[in-house]
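Engineer: have a look at this prediction, sequence included:
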Amino acid sequence: MAKTENVNLPGVGEEVLAILGCLDCQGGLASGAGGLVCLQCGREYPLLNGVLRFVDAQNYAGSFGFQWKLYSRTQLDDASSQRSERAFRRRTGFRPEDLAGKLVLDVGCGMGRFAEVATRWGAHVVGIDLSLASEVAAKNLADRSATIFQADVFKLPFAPESFDYIYSIGVLHHTPDCEQAFKALPKLLKPGGRIAIWLYSSYNPWYRMSDVYRKWTRRMAPEKLHRLCKVVVPLYGVHSVLKKVPLVGKPASSALAWAIPMSHNKDATWRVLDTFDWYSPWYQSKHTYEEVFRWFESCGLQDLRVIEQPIAVQGTRPPVQRENSARETAGVAQCVE
Ligand SMILES: C[S@@+](CC[C@H](N)C(=O)[O-])C[C@H]1O[C@@H](n2cnc3c(N)ncnc32)[C@H](O)[C@@H]1O
């Protein structure tokens, strides 16, 4: 085991400890000398740089570790901007009164901007992320009701029926198998609990050329790609000029946008961040409402809702087992193992 710290476990109160289970044997976990230890098999989960680790590497998510360390607070709301709160509402449909006092799982929390919103609304948020973004989130949320782990959605250390709400925003399409990543989650909801996910849309054709560029960009060292984004993104200014040219300006701007897809965010720093975020991930899939609805239904989720920003879907785990719920129960069970 790596060298660990002998300090208190941040954010791991009794409520969180009670839902944790060993990745190997599902045994209960308890606080040990340098982190958590399984009471059954003795496996240790170290606390390093203030974060408990349920993985020992970032695997394919290294670019996200780089990204969120560099842009550690850019997207956090403050007195002058509530953009993350607005995005959270548009991508989950959750409201403050839903989350207040609830135990909430943020799958792929990144640097913690949406967990920040949910804690502001009164939730206790457990945030997990595969990358070193987890260290950034732990720092950003140090004074909040939040617990951050470095963990993989495909191997989560939680007991079934642990959470009142689960959300995952812009994450599952960055895994090797978006559908299977989603299907790891419904079993973690308490009966009656709600889950919301937001994925990239495959209805939108603007990114077709970026699929070609991504074959190279995702292989580039993050530092190099980031430098390239900083050089290319100022082309954004050309669009504003072109749009003012009568007749040919708008088609020329559209042609440029098609040939060199990039973020058109109104904030210059967000533009570079969003463009890097688009071109750097190893995995990036796009999805339709039809397929996402099928996943929700096959897990026995009910009351499915389309939320404002495509592709955003919300559903509920059936509250109690009714007589006619055998099919629904089987559905959730399918998404359990
Ligand atoms: C585009 S970022 C989104 C972060 C955050 N949800 C947000 O919207 O600001 C995607 C995040 O998913 C995380 N991620 C990718 N694969 C993962 C996995 N298998 N398990 C957990 N997190 C994962 C990455 O490390 C990254 O921080």
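Structural biologist: Now that the structure is in, tell me what you want to look at. Numbers count the residues shown, from 1 in each chain.
Engineer: name the residues that touch stretch 226-240?
Structural biologist: 66, 70, 217, 220, 253, 256-257, 260, 262-264, 268, 271-272, 275-276, 279 (C-beta atoms under 8 Å, 6 or more residues apart in numbering). For the C-beta atoms, the positions are set from N, CA and C on the backbone; glycine is no exception.
Engineer: now do stretch 72-91: distance from first to last residue.
Structural biologist: End-to-end distance of stretch 72-91 (C-alpha to C-alpha, to the nearest Å): 21 Å.
Engineer: secondary structure element for A30?
Structural biologist: Per DSSP states H and E, A30 falls inside strand 29-31.
Engineer: report the mean confidence score over that strand.
Structural biologist: Average pLDDT, strand 29-31: 94.
Engineer: now that strand, how far from the centre of its chain.
Structural biologist: With C-alpha atoms, centre = their mean, to the nearest Å as the basis, strand 29-31 stands 26 Å off its chain's centre.
Engineer: adjacent strands (with direction) for the helix or strand just after it?
Structural biologist: Going down the chain from strand 29-31, the next helix or strand is strand 35-38, by DSSP H and E. Sheet pairing of strand 35-38 (DSSP bridges) gives strand 29-31 (antiparallel), strand 44-48 (antiparallel).
Engineer: out of those strands, which is closest to G101?
Structural biologist: Among these, strand 29-31 comes nearest to G101, with 24.5 Å by C-beta to C-beta.
Engineer: now do that closest one: everything it contacts.
Structural biologist: L9, V12, L17, L20, G21, C22, L36, V37, C38, L39, Y45, P157.
Engineer: quick one: pLDDT of P205?
Structural biologist: For P205, the model assigns a pLDDT of 76.
Engineer: mind listing what's buried in the one helix or strand F114 maps to?
Structural biologist: In the assignment (DSSP H and E), F114 maps to helix 113-120. Using 16 or more other C-beta atoms under 10 Å as the test for burial, helix 113-120 gives R113, F114, A115, E116, V117, A118, T119.
Engineer: next one: stretch 243-256
Structural biologist: A252, S253, L256.
Engineer: and it, average pLDDT?
Structural biologist: Stretch 243-256 comes out at a mean pLDDT of 91.
Engineer: repeat that for stretch 284-303.
Structural biologist: 98.
Engineer: picking up where we left off before, now for the helix holding F114, which elements pack on it?
Structural biologist: For helix 113-120, the packing partners by 3 or more C-beta pairs under 8 Å, 6 or more residues apart in numbering; DSSP states H and E come out as helix 83-92, strand 103-107, strand 124-129, strand 146-150, strand 163-169.
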